[in-house]
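Trainee: build me a structure from this.
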Amino acid sequence: MAKRYEIPKRFNAGVSEPAYARLRALSARYGLGNNYCLTVLLERLDSIADESAIDAAFRAWRDENC
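Mentor: You can find the predicted model right below:
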C-alpha cells in the first residue's frame, strides 16, 4: 500500500496562466496532485535552486511586475 503524505494546511492561491500550466505539467510528469507538487517544490527549494538564483528570480519578477 502506498504511503500518504499528510498536507494539513490548505489555502487558495492565485497564479498566472503560465505558472498554472507549469504546475499542471509537473503534476502530470510526476503523477502527483498540484498540492503535492507545490509541497515538494517549497520543502526542497534549497536543493533545487541556490539562494542567489532565488533572489535573482524574485528581483526580476518584481522589476517586471511591480
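Trainee: only C-alpha atoms for contact and neighbour calcs from this point on.
Mentor: Will do.
Trainee: low-scoring stretches of the chain, by residue?
Mentor: Applying pLDDT under 70 to the chain picks out residues 1-2.
Trainee: who's in contact with the spatially closest residue to residue 33 that is not a sequence neighbour?
Mentor: Leaving aside its sequence neighbours, residue 33 sits nearest to residue 27 (Cα to Cα, 6 or more residues apart in numbering; 5.5 Å). Listed by Cα atoms under 8 Å, 6 or more residues apart in numbering, the contact set of residue 27 reads 33-34, 37.
Trainee: any idea how far residue 27 lies from residue 53?
Mentor: Distance, residue 27 to residue 53, by Cα to Cα, to the nearest Å: 23 Å.
Trainee: tabulate the contacts of residue 27 (TSV), appending distance to residue 17.
Mentor: Converted to TSV, the contacts of residue 27 look like this (distance: Cα to Cα, whole Å):
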residue	distance to residue 17
33	17
34	14
37	17
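Trainee: still on that earlier bit, could you check how far the residue nearest to residue 33 is from residue 21?
Mentor: The gap separating residue 27 from residue 21 is 10 Å, by Cα to Cα.
Trainee: understood, closing this out.
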